[in-house]
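Asker: Here is my input; please provide its structure:
(chains A, B, C and D)
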Protein chains: 4
Amino acid sequence: MVIVMKDHAEETDVKNVTDRLKSLGFDVHRSDGVTRTVLGAVGEKRPEFDRRDIELLPGVLEVIPITKPYKLASREFHADDTVISIGNLKIGDDTVVLMAGPCAVENRDQIMLIAEQVKKAGAHVLRGGAFKPRTSPYSFQGLGEEGLKYMREAGDKFGLAIISEVMDVSQLEVCLKYVDILQVGARNMQNFILLRELGKVRKPVLLKRGMSATIEEWLMAAEYLMAGGNYDVMLCERGIRTFENYTRNTLDLSAIPVVQKLSHLPIIVDPSHGTGRRDKVAPMARAAVAAGANGLEIEVHSDPDHAMSDGAQSLYPEQFEELVSELKIIAPAVKKKIQPYLDNLL
Amino acid sequence: MVIVMKDHAEETDVKNVTDRLKSLGFDVHRSDGVTRTVLGAVGEKRPEFDRRDIELLPGVLEVIPITKPYKLASREFHADDTVISIGNLKIGDDTVVLMAGPCAVENRDQIMLIAEQVKKAGAHVLRGGAFKPRTSPYSFQGLGEEGLKYMREAGDKFGLAIISEVMDVSQLEVCLKYVDILQVGARNMQNFILLRELGKVRKPVLLKRGMSATIEEWLMAAEYLMAGGNYDVMLCERGIRTFENYTRNTLDLSAIPVVQKLSHLPIIVDPSHGTGRRDKVAPMARAAVAAGANGLEIEVHSDPDHAMSDGAQSLYPEQFEELVSELKIIAPAVKKKIQPYLDNLL
Amino acid sequence: MVIVMKDHAEETDVKNVTDRLKSLGFDVHRSDGVTRTVLGAVGEKRPEFDRRDIELLPGVLEVIPITKPYKLASREFHADDTVISIGNLKIGDDTVVLMAGPCAVENRDQIMLIAEQVKKAGAHVLRGGAFKPRTSPYSFQGLGEEGLKYMREAGDKFGLAIISEVMDVSQLEVCLKYVDILQVGARNMQNFILLRELGKVRKPVLLKRGMSATIEEWLMAAEYLMAGGNYDVMLCERGIRTFENYTRNTLDLSAIPVVQKLSHLPIIVDPSHGTGRRDKVAPMARAAVAAGANGLEIEVHSDPDHAMSDGAQSLYPEQFEELVSELKIIAPAVKKKIQPYLDNLL
Amino acid sequence: MVIVMKDHAEETDVKNVTDRLKSLGFDVHRSDGVTRTVLGAVGEKRPEFDRRDIELLPGVLEVIPITKPYKLASREFHADDTVISIGNLKIGDDTVVLMAGPCAVENRDQIMLIAEQVKKAGAHVLRGGAFKPRTSPYSFQGLGEEGLKYMREAGDKFGLAIISEVMDVSQLEVCLKYVDILQVGARNMQNFILLRELGKVRKPVLLKRGMSATIEEWLMAAEYLMAGGNYDVMLCERGIRTFENYTRNTLDLSAIPVVQKLSHLPIIVDPSHGTGRRDKVAPMARAAVAAGANGLEIEVHSDPDHAMSDGAQSLYPEQFEELVSELKIIAPAVKKKIQPYLDNLL
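Answerer: Below you'll find the predicted structure:
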């Protein structure tokens, strides 16, 4: 941490700041320039330390942090890419993983049909919501455990791993019985109680970026999971909120190279929520792979016109199939390949 | 809902859209202009209806909703201002209520001292966090039930109502034992599981605006509470996230007159989180009252320099006292008065 | 335009709104529902009409526009893609055009060297700033006409078209003497005086998106150019401002499919300004082509470490060359090809 | 500037960075911690220096600037508040100045009538647009010089100073003939050519904040003016663009105390453009004064329903009068008073 004193600050102010820093356990290095003094404070920061406390002291112009608040999630802590294994499926290596399926599980027939369709097109993971966070209290809220059972059955039958969202600690136990990857939704990215519990679990977690979260906050949320001992975390970019509202959100694809520089965790992109419109999904999915994403999570529905939620952003199965063929062209440009078809996951 | 067809749309497309709307239970009114046809769809919208489904049909240019998604929270549903009573304290009438206290309860002495100070300065409600949402897993997470006990004791002794945050359904039971107002934090504004449970409670809830929530989404979150039968909801503006990062957030004071037009619920302003800097709190608090807020929630600490969290945005007790005297000058300009000193709350 | 009256609005209010609309030259269609009345107002809107005037009338709940404010720039006005020709170079067809060069022209040797390098790597257009908009009054402001001369010489020698920014009407005459494409910078997207003058010119204009411009405002700025008779307009996405500040801006690649749906104008992407960091340029350039962009504008410098401006976001020539080879892999996935090497532009 | 090296960076990398800094004219101070080295670079930064150049060197983790890029506009350069005099009118002292008038001058009668009305209500400066920046090329663009003449006549007759917007260098000469304060609109905040010319002028300038400008960029724009020698600059907050679109913009009132801390220049607030709705103007105007603004710029129209632009955000004269009486109650809370009625300006 660097403390910049105001021009010609009083010596008593400099001393006061120095004493305060020392009382907080920092080593202090002083450097006097022609007009201003700069203090360097080194040492293990106490968790509850708040740099604004120093900023408000007399004579202080600015306080500048020089360490990232996350450790375990950082590339500095772990130089190599994290590769997560689910049976013989790898996430985070030189392949691109495809997660596809409906927004919500609606009934057994629906999920079995879609599972077959997406598997045939090349998907490796089946997505589907059993517990649905809905902005209206009057909307369909998901099938709950029944939905998870159908997903598990579909996954087992077609050789697909299963991903589904857990919205609350109370749903965790039942989710763990069925799913292979636990999804944390954007609205829960800073649900610290939930993150803490998921840190104790030993199943991979896909952590969506909050719709107004900075990349640093997102990595801090990953840190919560990892601090609990769960190291199999993948990050999922799904669009941030900006002033532009033609699209539902603004998909921030530059997050891909940024995250890959700052962290060793795999990054997945969800172009369905990221755009909210079916005809924007394929362009953004292609772009994500071209930018180096480790995978995609895409909504596909056998009958989007009658979907119970988010049909408008779901691809038809044949559109998904066409998209996969385009991705196969693009992946080699980034020295990747689409993860091959796996007859069986285990 | 109004459906605008593209210029010179095919008659088959118009018919297709009309049929689809009818199958969804709408009455359809058609109006043909020189170059384009406009369809009006009237009727009780099914909760799961998604207007984007219509938007994607061939020949459709745009679909425009004409009803607000919230009902119970709207001024149309309830024309008069909601006034919430806690003993003889009123929130939402022509008085301004003052909630003050530390970010976190740290120990019994601290909260007893601050309670006395803020009561003396004119506060009506004591704020203090017992369960703390912290962005770092390594930070102080609050005293839990012990903190709530101290708050209750302080409230009873000094005649202050008690407000504290409930972060998760699992904390609800213990919070209900002690507090008068349950606070929902910004990060939980769309924690629908929590909102649903709070809807069943019969204690007032203060609902903070999510840091990237639109006013409509905020009112929809209030709707969740009210749909469960809990009508004693107050809204709390605490700053939104923008590109400006000199301040921690951008306090959106125009939300005050906007909410007062759209809804009948009281609106409180939190200038401490809204700015994140002690020296910006008083100007924004004054501005909030001048804009017509029903109350303020302000962080005050007897010793901010050693506060365990957010000391940098906490006022010294004497600053709070001075602020209250300024607010007494301002309130009459909006035909309000600062809620008088109540010897006893009940 | 649709006017939604409040529930159970007074008949006198409905009549008042109807009369007002008629006095403004609209035909009014009325439709009465169970609880509310909706009015449709059809007719050529007068330019100075402001829908907020209707919104403020008694009894009005909401006013909803149903026409886009731009005409000439819309896909409805011109269904086919606009293809701009500069000699035998085409922009907007099934090829991807590459514009490359330094942020600023620094001297004759620099621009001749870089022109040779980017031509060899496959570029078709040479970019370079002669008039530089700088946020600090103390920074290098560009070589002016001298810079344009050097660019023209380089373009002629190596068979490259020339693009350079015109910042002000006063610079237009001199720019027209040398350049093939006039660039309007993000800060000038709504410099209406400049747009009006450029509308009178008969040279292609590349219009950068303002850093907080909506897509609709951007198309309105294009409309200014086209209303003056200049139809050779290309749009350039260069990042928008969001709360995320790890990157200089957030490159909004979903603008590509959105613009292509709403408008017939070509869309170019500038990943250099869009990210501000060299190591993010190639991923975003690849992503832009995968999303369907008609071209790229990229900063390339022979010696970025000593560039006079924006060296940090400039590619080394060999990085640019490698990028072009990656783009050649990607383009076929969107049924495009990189515009072939042209020995000579004319 | 502080350069943080990566953990255990190579000595050659540290040396390389040090050499580069020295070659750029910096003095370098080195400080070695347990795991990382931090370099302090002191010395007069060359204007064209770009810290990202250092950031990209091998071994560098982060580069942190420690000086503000603006000088003349900073509170450090000039500790006392700047007070601008226009005749016997003072802006920036302990009074609140009121600027009021129509969005656009429409004809002589209109401006004479409104001038009389706002003067009577207590205004000191008459606002009115003669050159109008309009987002549509088809809208009314203002009366030009004719409008300025009418304003001058109205100002002289009623003892009001005159403020009007100059959109382009080409309009400067004619504006200087008539107006007392030159207004730079939000879209022109970074029109550096215009700023440069205004720096040479010796009349006060009111500089609106760009709709996506940070406070630092805004102060840098003021620096452009001051670097040219024009020290009579006032800043005007008029709303920033956020995701919230119920209001036209989000008025950032916290900019008032922030600017007053960072700079010595007066700050004015425009609640008319800041909200875009008549019924939000008075609450935000009151809030601005309560937060400590030096003045207000408000749209007032004698007949807003028939205004040629922005009628929806214009107050009726009697609303303005009522507002002024409310402001008189509020101002003493911040130890200010509404600037008294001046019979004559000179």
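Asker: Next, count neighbours for residue A:120.
Answerer: Using other CB atoms under 10 Å in any protein chain shown, the number of residues around residue A:120 comes to 13. For glycine as for every other residue, the C-beta is placed from the backbone atoms N, C-alpha and C.
Asker: Look up how far residue B:147 lies from it.
Answerer: Applying CB to CB, to the nearest Å, the value for residue A:120 to residue B:147 is 56 Å.
Asker: and what of residue A:234?
Answerer: Applying CB to CB, the value for residue A:234 to residue B:147 is 36 Å.
Asker: and what of residue A:256?
Answerer: From residue A:256 across to residue B:147, the span is 42 Å (CB to CB).
Asker: With neighbour numbers in mind, choose between these two.
Answerer: Neighbour totals were compared for residue A:256 and residue B:147, and residue A:256 leads with 26 against 23 (other CB under 10 Å).
Asker: Give the next helix or strand downstream of the helix or strand harbouring that one.
Answerer: Applying DSSP states H and E as the criterion places residue A:256 in helix A:255-262. Using DSSP H and E, the helix or strand that follows helix A:255-262 towards the C-terminus is strand A:267-269.
Asker: Who are the packing partners of that next one?
Answerer: Contact analysis of strand A:267-269 by 3 or more CB pairs under 8 Å, 6 or more residues apart in numbering or on different chains; DSSP states H and E lists strand A:233-237, helix A:255-262, helix A:278-290, strand A:295-299 as its packing neighbours.
Asker: possible to save those as a markdown table with mean pLDDT and distance to chain C?
Answerer: Below are those laid out as a markdown table (pLDDT from 0 to 100; distance: least, CB to the nearest CB, whole Å):
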| stretch | mean pLDDT | distance to chain C |
| --- | --- | --- |
| strand A:233-237 | 98 | 11 |
| helix A:255-262 | 96 | 5 |
| helix A:278-290 | 96 | 4 |
| strand A:295-299 | 97 | 12 |
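Asker: Make JSON lines from these and add distance to residue C:98 to it.
Answerer: Formatted as JSON lines, the helices and strands packed on strand A:267-269 follow (distance: least, CB to CB, whole Å):
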{"stretch": "strand A:233-237", "distance to residue C:98": "27"}
{"stretch": "helix A:255-262", "distance to residue C:98": "20"}
{"stretch": "helix A:278-290", "distance to residue C:98": "16"}
{"stretch": "strand A:295-299", "distance to residue C:98": "27"}
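Asker: Tell me which of those sits nearest to residue D:308.
Answerer: Closest of the helices and strands packed on strand A:267-269 to residue D:308 is helix A:278-290, at 38.8 Å (criterion: CB to CB).
Asker: quick check, the closest one touching chain B?
Answerer: Yes. Counting by CB under 8 Å from any CB of the partner chain, chain B is contacted by helix A:278-290 at A:278-279.
Asker: Burial check on the closest residue to residue A:121 other than its chain neighbours, number of neighbours?
Answerer: Leaving aside its sequence neighbours, residue A:121 sits nearest to residue A:321 (CB to CB, 6 or more residues apart in numbering or on different chains; 4.1 Å). Counted by other CB under 10 Å, the residues lying close to residue A:321 total 17.
Asker: residues touching the residue most central in space within chain A, list them.
Answerer: For chain A, the residue nearest the mean C-alpha position is residue A:235 (2.7 Å; CA atoms, centre = their mean). Residue A:235 makes contacts with A:206-207, A:209, A:218-219, A:222, A:259, A:263, A:265-268, as judged by CB atoms under 8 Å, 6 or more residues apart in numbering or on different chains.
Asker: Parallel or antiparallel, which strands does the helix or strand containing residue A:96 pair with?
Answerer: Here residue A:96, judged by DSSP H and E, is contained in strand A:95-101. Taking DSSP bridges as the criterion, strand A:95-101 sits next to strand A:125-127 (parallel), strand A:295-299 (parallel), strand A:337-338 (parallel) in its sheet.
Asker: circling back to that earlier point, among the contacts of residue A:235, the buried ones, what's the ChimeraX command?
Answerer: Applying 16 or more other CB atoms under 10 Å in any protein chain shown to the contacts of residue A:235, the buried members can be selected in ChimeraX as follows:
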select /A:206,207,209,218,219,222,259,263,265,266,267,268
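Asker: circling back: part of a helix, is the residue nearest to residue A:121?
Answerer: Yes. Assessed by DSSP: H, G, I helix; E, B strand; the rest coil, residue A:321 belongs to a helix.
Asker: State the pLDDT value of it.
Answerer: We note a pLDDT of 97 for residue A:321 in this prediction.
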